[in-house]
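Undergrad: Just a sequence and a predicted model for now, questions to come.
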Amino acid sequence: MFRPKFPEAPALPSAHVISPSVPAVQHGHAPACSCQHTPAAPAPAHRMPGFSAGTVAAVVTVGIVLTALLAAVAVTAISVAVAAVVMRSLLSSQRRR
């Protein structure tokens, strides 16, 4: 869905043929070497750098987990702070009596 669609290159004819009844034109020179050349492989389609759906889902999941952990730490810190204030208040009121 998020990947670009590239148009396909048209197939090139293997010989220059004007019509089926006329043979291809042959050039009269000999090859420069006796090695056998193979046609070059087509270059792979360039992929645009980007994120897949799995990567985005993993990043969102990690973000949610880290946010939940941060919220848990904050709630625990507030609870401990409130408990410390209450205990300090109770201990100071007992000393005054």
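TA: Cool, got the structure. Numbers count the residues shown, from 1 in each chain.
Undergrad: Counting neighbours, what do you get for residue 83?
TA: 10 (other Cβ atoms under 10 Å). (Glycine included, C-beta is placed from N, CA and C.)
Undergrad: distance of it from residue 8?
TA: Applying Cβ to Cβ, to the nearest Å, the value for residue 83 to residue 8 is 70 Å.
Undergrad: and if you look at residue 61?
TA: Residue 61 is 37 Å from residue 8, by Cβ to Cβ.
Undergrad: So which of those two has more stuff around it?
TA: residue 61 (10 against 7).
Undergrad: and the gap between residue 52 and residue 59?
TA: The gap separating residue 52 from residue 59 is 11 Å, by Cβ to Cβ.
Undergrad: Report the secondary structure state of residue 40.
TA: Here residue 40 is coil, with the state taken from DSSP: H, G, I helix; E, B strand; the rest coil.
Undergrad: ugh, wrong one, I meant residue 36
TA: Residue 36 is classified as coil under three-state DSSP.
Undergrad: So for the helix or strand containing residue 72, mean pLDDT?
TA: Assigned by DSSP states H and E, residue 72 falls within helix 53-96. In this model, helix 53-96 has a mean pLDDT of 93.
Undergrad: how many neighbours does residue 36 have?
TA: 6.
Undergrad: Quick one, grab the pLDDT at it.
TA: Here the pLDDT value assigned to residue 36 is 71.
Undergrad: And for the one 5 residues further on?
TA: The pLDDT attached to residue 41 in the predicted structure is 69.
Undergrad: Please apply the same query to residue 18.
TA: For residue 18, pLDDT reads 55.
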